[in-house]
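1. turn this into a model:
(chains A, B and C)
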Amino acid sequence: MLPPFALERPDRLEDALALIGDDCLPYCGGTELLMAMKLNVLRPSCLVDLKGIAALARVEWRGDSLVIGGAVRHASLAADAEISRSLAVLTVVEQRVGNARVRTQGSIGGNLCFAEPRSDVATLLAALGASITLASSTGQRRIAITDFVLGAYETVREPTELLVEVLVPSARLKSGVYLKHQYAERPTVGVALVREGENGVWRLAVGAVGDVPIVIEVSSLDEIDAEAVADMTDPIEDISGGVDYKQHLVAVYVRRAVQAAAEDLGA
Amino acid sequence: MPDLEPGQTHLHAGRSVLRPDLIEKVTGAAQYCVDIRRSGMLHAKIVRSRRAHARIASIDTSAARAMSGVVAVIVASDLAGLFARFGHIVPDHEILASGKVRYYGEPVAIVVADTEAAASDALDYVDVDYEDLPAVMSAEEALAPGAPLVHEEQHRRVDVDSLSPVETGADQGELRTSNVAHEATLEWGDVDSVWPVAAAVVENRMHYPMLYAYAMEPYNAVASFDEGRLEVDSTAQHPFMVRDDLARIFSLPLAAVTVRAPYLGGGYGSKSYTKVEPLAAVASWRTGRPVKLVLDVEESIYTTRADSAEVHVRSAFDDQGHILAREIDIVMDSGAYADNSPLVVAKSVNRSFGPYRVPNLRVRGRSVYTNTSPASSYRGFGAPQGVLAGETNLEQAADRLGIDSAELRRRNLVRPGEEILHGKRGIDADLPADLEMVVGALREHAPEDQSWFASAMACSASDAGAFPVSTATVRVQADGSVIVLSGSTEMGQGSRSALAQIAAEELRVELRVVTVRQSDTGATAYERTTGASRTTTLTGLALQRACQDALSKLRSMAAEVKGCSADEIAPSPAGFALPGGDTISYGEVVRSWFGAAAGEVTGIGLLRREGATAKMPPFWEIGMIGVGCRIDPATGAIAVEQLVTVGDVGFAINPQAVEAQDLGAATQGLGCALFEELLYDGPQLMNPNIVDYRVPRMRDLPGRIDAMLAERRDGVGPYGAKGSGEGALNPIAAAVATAVARVVGRWPDRVPLTPERVWRLINETGPDDTTGDRSSPREG
Amino acid sequence: MTTTAIAITCTVNGVKVERTVEVRRTLAQFLREDLSLTGTKVSCDVQICGACTVLVDGQPVSSCTHLAVDVDRSAVTTVEGLASEGRLHPLQQAFVEQMALQCGFCTPGFLMMAKALLDENPDPSREQIIEYLDGNLCRCTGYAPIVAAVEQAARVLGPAGGDSNA
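-> You can find the predicted model right below:
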C-alpha cells in the first residue's frame, strides 16, 4: 500500500527544478521509488512526474558522443537502432535490465540516482567513462559517473538537483563486453570491459559486488590480473555470498570477460 | 461422449481431458477469495510484533482510532468472552498476542477502517510498548538446559472425539517444563544389539531448511458476523476444520458457521488449517460489519512456514548390504505455535527410514517451540525432512559397502504388499519396478559429456490420504445434468475436473453436463481435509458411492413409472435400457416421477474407516526420482540437466494432470534442494520477500524431463487410483545432494545447495571442514 | 497545482474510462477495485513475480508498481481483453491444452507477458521465450508446460504474431 502523497506533472524542466527538494522527489518510472515508498523506506509528501518533459526524453548524438535524457526508459534504449549499431554493448545490457516490465517503466536517470549497487547499467557506464549532468534552479554541473556514486544508494546529487542527461563520450569509437553472474533477483557480480578505438585503452569496471563499481584502465588485455582485480574489490557480504566467494567470482568473471573481449572484439 | 476404443475400460476416467476450471482461469473470470467483496465491507490491517519475545507493557490505540476512516482498533483485551485461541491439535495459538509476543510478526492489534488505505495509514499510530524477554531463536537454543520458555502453560489437546467447545480457562493451570511441543517415537527390534555385529555402520546428519510455500495468492479472508451467525470466505484448504475452530472461538453451533473456499491461488499444504480467519472474524464481530483482511507476502511468510529439521541417521548393514538397523533422531524447529507441527513430526518419523526392510528400528522426533514464525504443513509433510537424511545415508552406505546404490535399494526395498509400519496397510506399490524405470531413464539419456556431472536417485513412501472421512452428494437434474457437491477444495491440483470425470464415468453421462461445486461448509458435502493427496482417492470413493446411490434411486423410480421391476432395467448411456428395447434418460426418469418438468434425485456417498479403507493409511504415496546435475566448478552453480519422475498412482484419472502435478512437485522440491531457505538474522528474517527468497524460475527448467506413470491399478481409490502431488517432491533434495556428492567427492550436510555452498564444498581442504557453523547462513 | 487526485481518461480493453483517481492508487487497485476487473492478480506487490502484468499501450508493466494516473490517455489491456467474440486467444487456448496452469493465480500475468513477447517477436526461440518470461513466477507447473504453450500459440498465430488478434 502506497502512503499518501501529492503529484506534480510539470511539462517544463524549469518548473520541475523549482519543485524538487527534500520532501518532493523526482518521479519517472517508479520502479525503485514506488517500491521504496511501499516498503516505508521513503515517505515524500510530493512526487514530481518527469514524464511530461520532452527535454528529458531525448536520445541524441553529438558528434561521436551519445547523450541520453534522464527520463529515457530502458526499453527505448534497448530498442534504439542507432545505439545497437554504434554501441552494441549498451544495447546488450539494456536488453537484460530486470525484465521487460522494468524496462518499460524504468528510466536511466532513476536507475543511476537510486545508486543500487547491483545496477548493470551503472557498471557499464563506468567502463564507458560516462558522465552525468545535474541541473538545479541555480545552474548545472557535469560529473563523471564514478564520482557521482558515493556508495550504496548514495550519490552526490543534492535534493534540489535533477539528473538531466547521461553523456557517453566518443561512444561511436567504443566497443565492449558485459558479463554477469546472476543467481538471485539481482546480479552478484557484473563485469564490463570496454575499449576505445582499435588500439585504445581498455577500461574494466567491476560492479554489483561492492557498494560502488571499481574501474581500472589498461593498455592491453594482458595487463589484467584477475586475482589482483578481485583483491581490489570490497564485496558486500549478503545472502548471495561471503567476501571470499564473491572475490573468487570477480576473478572468474574478469577472466571470462577478457576471454570474451579477445574473441568478440578481435583484440 | 467418447467411444470406448479397444483396450479402454472407461469412458472418461483415464483420459487427458481439458480441465474446465482452466478455461475460467485463462479468461480472468475465475473468482479467488481475494476477489470477493461484500456490501458494507470494511478493511483490516494487522499491527505486528517487532520483537521476537517480549512482554507487552501497554498498547495505545487512541491516535490510530482518531484517524480518518478508522472504525476500530482491536487488541487482545477486546476479545474477552471469546475462546481467543485456535489450533486443531493444541489450541495454543492466540488470535492476538496477550501478555507477551512470541515471534517477530505476531499479530498484536487489528486496525479496521473503511478503506484498505485508511487501515494501512493508521498502522504506524498504534503504539505498542514492549519489555524484551530472552528469546530462543533455534531448536538448539530452545532445548538447552534452562532455556527461556516460549509457552509457560500446557494447553490441553483438542479432544477429537468430542465436539464440545473448550471452555475459557478450563485448560489452563498446567505448567510446561520444556520447549518440546511434541515428541513422537517408533521402535521395534533391538537396535542396540546390532551395532557391534554389523559389517558397516553409517552415520550422517542433514539440515533441512525453513521454507515458505509461496502460494501466490497470499492468505486472505472476508468474514461477516451477524446475529450469532458467521460467514467466512477464505483461502482455506480445509474449510470444515476452519469452521470447527471458529465455532469454538465464538461458542457457536457448527451449523451457524459457514466457511467457503473459492479457487485458491495455490496451497501446497500451506493453507491447511486455520490462519487469518479468526482475525477477520473477530474484526467483524467487534464492528458488526463484513471485514476483509488480505495479507501481503511478508505477512504471509510470517504466518506459516515449513518446519526446519536437524536429522541424525545411523544405519547398520550386513556385508551383502542388507539393512540390519536404523536409528534416526529428528529435531524440528516448529516456531512459536504448534499448529500442525506435532503431526508433521509424527509423519516425519514414519517416513524417515524409507520403504525398506528394517528389522530393527528406533526413531525419535521432537517438535520444538522457538521464538520464530510458526511452522505447519507444507507439501510432503515431514517426509522431505526425514528422507533427505535417510536416503543420503543409504547412498553413503553404498559407497562404504562398494555396492551400486540402485542395487543396494533392490536388496532392501519392500515388495508389493509388505508392511513397513507394523499393523498398517502393506505397500500398495511395486517399488522395485518403479526403481528400474528411473534407473533405465537415467541410463538411456545420460549425457556424453560426463565432466562435473552425476546422476542420482532417491525414493520415499508416505503414509498418505489422512483420516478417511469423506462424503459426496450427486444431484441429477430434470434435464439429466448432474451437480456434484464436495467439501474438497480446488487449489490448482485439478480435483474439480477429476471428480467430474469420476461422476461422468459412474453415471455414463457426458462430461460437459457435470458441474462440480466445492468447499462450502453450508452447502456442499462434508470433507475432512484437502491434503495428504487424498481427494481423488477418498472423495473419489465417496463420489462413486453417491453416484451408485443416485443410480439405484433412479432405477427404482424408472421401474415405478414404467411399471416394471427394477431388475429388468439395465444401464445405458445417460439412462437405462428398459425391457422391450426402449431406453429412458435420467431426465425423463426425474420428470416422469415428479410429474412435471421439475425435481431432482440426490445420491449420497459416505466413506469412513471400514471395508477397503479400514486399514491405515488409505494408501502409500510413492516418491521415485532421478536427477542429473552438472556443476560449474568456477561458480558452484548447479544445472539440472535431467529430471526423471515416476508417478506410481495406480491409475491416472487424468494422465496429463498427474504428470503436471509431478513436475510441479519436483520443481518445488528442486527449489528446496537448490535455492530456497528462510534465514533468521537476530529476531527477524533476513529474506521475508520474493526478492531475496529465491524460488525456481523459468531459466532453471531441467534440460530434459522424463515424466513417467506407473499404473498398476493397485490403489484403493476409483479404478485402482492412488493419490499424487507430494511424491515427486519428497525425495528430490536427497537425489540432488547425492548427485553433488558424486561430482564433488564430499557430502553436503544441508540443503539448499546454493552456488556458494557448492563452491565451498568443492574447495574445502579437509574432512573436518564439512560440518561448518550450523547457525551461519553462509557456511556449509 | 499540488494534487492528490487527478481526472484521467483511458481505454481499458477497448472501453473508454473516465475517472478521478487518487494519485497513490496503483493501476492494479484501479483495475481490480474501481473497474472490478479482478482478472489481474497481485502477489508479491513489489514487481518481482509478474502476476499483475498488464499492457499499457502494448508494453508490459507491473500494475502493482504503476500509478493509475499514469495511464491517462493510454490504452490498457488486461487478461479480460484477450479473448475476442467469445473465442479464446490462441495463447489462452494453448495454456489450457498444455496444462500450463494449475491454480491459475500467475496465469493472467504470464498470458499478458507472453502476448507482449509475441507481439514483438512472433517466432521466438525457446531460449528467447525463457529469457523473456523468466521474470514471471509460477509455483504449480514447473514452467515446462508454459514454454510449450507459448511455442504452440506462436505456431497458431503465425508470422503476424499477436497483432492480428490484439
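
2. would you mind giving the domain segments of chain C?
-> C:5-81, C:90-163 (automatic domain parsing).

3. how many neighbours does the closest residue to chain A within chain C have?
-> Nearest residue of chain C to chain A (Cβ to the nearest Cβ) works out as residue C:135 at 2.8 Å. Heads up, the C-betas are built off the backbone N, CA and C, glycines and all. Using other Cβ atoms under 10 Å in any protein chain shown, residue C:135 has 25 other residues around it.

4. which pLDDT value belongs to it?
-> pLDDT recorded at residue C:135 is 96.

5. quick one, what contacts it?
-> Residues near residue C:135 by Cβ atoms under 8 Å, 6 or more residues apart in numbering or on different chains: A:98-102, C:48, C:50, C:113.

6. just residue B:414 next, same as before
-> B:355-357, B:420, B:427, B:431.

7. do residue C:5 as well
-> Contacts of residue C:5 by Cβ under 8 Å, 6+ apart are C:20-23.

8. before we move on, back to that, nearest to chain B, of the contacts of residue C:135?
-> For the contacts of residue C:135, the nearest to chain B is residue C:48 (4.8 Å; Cβ to the nearest Cβ).

9. three-state assignment of the closest residue to the closest one other than its chain neighbours?
-> Excluding the flanking residues, the one nearest residue C:48 by Cβ to Cβ, 6 or more residues apart in numbering or on different chains is residue B:690, at 4.8 Å. On the three-state scheme (DSSP: H, G, I helix; E, B strand; the rest coil), residue B:690 is labelled coil.

10. residue numbers of the stretch 151-267 of chain A in contact with chain B?
-> Proximity of the stretch 151-267 of chain A to chain B, by Cβ under 8 Å from any Cβ of the partner chain, involves residues A:181, A:183-186, A:237, A:239-242, A:245, A:248-249, A:252.

11. how about TSV for the residues you listed, with secondary structure added?
-> Converted to TSV, those look like this (three-state DSSP):
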residue	secondary structure
A:181	strand
A:183	coil
A:184	coil
A:185	coil
A:186	coil
A:237	coil
A:239	coil
A:240	coil
A:241	strand
A:242	coil
A:245	helix
A:248	helix
A:249	helix
A:252	helix
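
12. can you say which of those are buried?
-> Burial by neighbour count, judged by 16 or more other Cβ atoms under 10 Å in any protein chain shown, picks out A:181, A:183-186, A:239-242, A:245, A:248-249, A:252 from those.

13. also near chain C: which of these, exactly?
-> The residues of those that also fall near chain C, by Cβ under 8 Å from any Cβ, are residue A:185.

14. pick the one among the buried ones among the residues of the stretch 151-267 of chain A next to chain B closest to residue B:564.
-> For these, the closest approach to residue B:564 (Cβ to Cβ) belongs to residue A:185, at 71.0 Å.

15. who's in contact with the closest one?
-> B:690-692, B:694, C:48.

16. please redo it, this time with the cut-off set to 10 Å
-> A:98, A:118, A:240, B:689-694, B:697, C:46, C:48, C:135 (Cβ atoms under 10 Å, 6 or more residues apart in numbering or on different chains).

17. would you map the strands across the stretch 51-200 of chain A?
-> Assigned by DSSP state E, counting those that start in this stretch, the stretch 51-200 of chain A shows strands spanning A:59-62, A:65-69, A:131-136, A:139-144, A:149-151, A:154-155, A:162-168, A:174-181, A:189-196.

18. okay then, goodbye and thanks.
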